[in-house]
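> just coords:
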């Protein structure tokens, strides 16, 4: 194995975390993302452009220094799924979310495009620039082409065209796109491969010729993730299980003379997983980005002659940051730059012969992030400590130190009076007793509860504790309540009860839950609004249960909801998919005659609500930033209401907000693209 040169920046296990500060005339925003989950890479001179789930990273190849570009600079979203550099050196990026789109950085300014401009879908998956400078954009709903008229920042002269399955595309979910020297556009989809010959007029569909290929024609699998064309015009397809190659001769639409060959486990590729992309170096070697390694196929210049093939696979054991490789780009020196999901960027110098690993040099380029993942889902503030849950696990944060805990993927957090932190995760319920010392793991105790213990389903989206210390869980298949009898590690005395639509709830999928007093439990559902249970103080005895549902016969109607909060005066605040609702049940939730409702036109599906020290309601809206409602202390009198919305344009790290927490005059906002801290 070759040497490994370390030039990356790392953070100590316990250190002083830093945020990227966004200054403005008003509030101060501090933003942090995880920028080591690399999804794409492009090389232009000394700049290595890496698209990550936490923004666009511009690495200097020579100095191993980086600049991080985030949505507050002027583009819609931090999930960068595609990157390409045009002839003028401008980076174009595709953004992978429903409020994403296409964007370009030109002279320090960002310009972006969405479906409103002509893009087929805002969820962009891949991107290619043809010899005329046109941008071909693959999305989850077809492909679009943009001619910006040579003026990237001026949309007035733009021309757009979009192609769907009705036009000839074999599948609308496009994973890879490539424009060849003949002007044809190759599209890798989840349903096969399509090639478009636009006849030199991509904005005029009348002369288009489409040809599609599937397993019937010779593809290894219909699920294709990447496509490239070599110098001899052969198309290479990275697919489920391996790679396929087709030589269409000179006639793409005439399949009778096509030649096919595939490379899989039998030819030396990893025995499991999928090929994701194929890239060629100057020597003609095909480099296959694979879920289980980086594969060099020497002899790729003669793919139909296996006698000169030599396959070499590189994994973490050889020097890769992680064995999974999403994409590879080569610089003018022939150095490979590898985008590593959940790893960063790897610079690989094979020393000439890929099969000879003795002279290999691996150099990791890693951003010094302490957040383990950009998709933050849940937040709780407790004095000087903030608990942060993401797909990378649970973090305890203070201004002086951080601690990481492996408890699965947290979705909900709730602290009990006994000091136990109850965590709803994608894999069950977790009881975490940190002994009152968040940053000292020596006294930690963790107990897991799953369906085998009595939980109705392991996907726990909400957790709430009642006055008796019982734990109520909102899950994907109903709600469950646990009385652990004060002995977390001894499950023998645990009591469980489960409730579903068969018991009286308006739906089984529960997204949020809140226990009120000693007998009421409020449940917010997917596509079934709100239910409330009065269990009479005996949750394990269903004979005296009374249910009320707030669906068709109430002002909120039947819709999806994602959050619930009960304020100090007993008013219930529901985050639903048409806004935020305030509800006063008059102290009698089963009697609708004295109910009061008021809808606030805030946000989208509103998955998070928190109340600050002066009574303002902070709402994580889902897709349109974070909103703050000042109701003047009169939630059912709209005349004195003030609503303020903050988005990436104001400094928020990403508009896809999922949770919000308030403490010490600081507002924390969890998003799909990172974490923000706001000092109003």
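Good, I have the coordinates. All values reported here derive from a predicted model rather than from experimental measurement.

> Now do the helices in the stretch 1-150 of the chain.
Secondary structure of the stretch 1-150 of the chain (DSSP state H, counting those that start in this stretch): no helices located.

> can you give me the strands for it?
Taking DSSP state E, counting those that start in this stretch as the test, the strands found in the stretch 1-150 of the chain are 3-4, 20-22, 28-32, 38-44, 47-52, 55-60, 66-69, 80-85, 91-95, 101-106, 109-113, 124-129, 135-139, 142-147.

> ok, of those, where does mean pLDDT dip lowest?
Here the lowest mean pLDDT among the strands of the stretch 1-150 of the chain goes to strand 3-4, at a mean of 36.

> In this structure residue 479 contacts residue 498, no?
Yes: counting by C-beta atoms under 8 Å, residue 479 touches residue 498, with 7.2 Å between them. Bear in mind the C-beta positions are built from the backbone N, C-alpha and C, glycine included.

> who's more crowded, the two?
residue 479 (27 against 17; other C-beta atoms under 10 Å).

> Low-confidence bits of the stretch 201-350 of the chain, can you list those?
In the predicted model of the stretch 201-350 of the chain, no residue satisfies pLDDT under 70.

> mind running it again at 80?
250 (pLDDT under 80).

> which stretches of it form strands?
Under DSSP E, counting those that start in this stretch, the stretch 201-350 of the chain gives strands at 209-213, 224-229, 235-239, 242-247, 259-263, 275-280, 286-290, 293-298, 310-314, 327-330, 336-340, 344-349.

> As TSV, those with mean neighbour count and distance to residue 396 would be great.
Shown next, in TSV, are those (neighbours: other C-beta atoms under 10 Å; distance: least, C-beta to C-beta, whole Å):
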stretch	mean neighbour count	distance to residue 396
strand 209-213	19	52
strand 224-229	25	37
strand 235-239	26	40
strand 242-247	23	43
strand 259-263	18	47
strand 275-280	24	35
strand 286-290	26	36
strand 293-298	22	35
strand 310-314	19	36
strand 327-330	21	34
strand 336-340	26	27
strand 344-349	23	24
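
> In stretch 116-126, which residues are buried?
The neighbour-count check on stretch 116-126 (16 or more other C-beta atoms under 10 Å) flags 118, 119, 120, 121, 122, 123, 124, 125, 126 as buried.

> what's in contact with it?
If you take C-beta atoms under 8 Å, 6 or more residues apart in numbering as the criterion, stretch 116-126 is touched by 76, 81-82, 94-102, 113-115, 137-144, 146, 155, 158, 160-164, 173-177, 188.

> from these, which would you call buried?
With burial judged by 16+ other C-beta under 10 Å, the buried subset of the contacts of stretch 116-126 is 76, 81-82, 94-97, 99-102, 113-115, 137-144, 146, 160-163, 173-177, 188.

> what number of residues lie near the residue lying closest to residue 48 once chain neighbours are set aside?
Nearest residue to residue 48, sequence neighbours excluded (C-beta to C-beta, 6 or more residues apart in numbering): residue 59, at 4.2 Å. Counted with other C-beta under 10 Å, the neighbours of residue 59 add up to 23.

> what about residue 59, distance to residue 662?
Distance, residue 59 to residue 662, by C-beta to C-beta, to the nearest Å: 37 Å.

> Pull up the gap between residue 292 and residue 316, please.
For residue 292, the distance to residue 316 - C-beta to C-beta - is 10 Å.

> Which residues are in contact with each of the two?
residue 323.

> More neighbours: which of the two?
Set residue 292 next to residue 316 and count neighbours by other C-beta under 10 Å: residue 292 wins out with 17 against 13.
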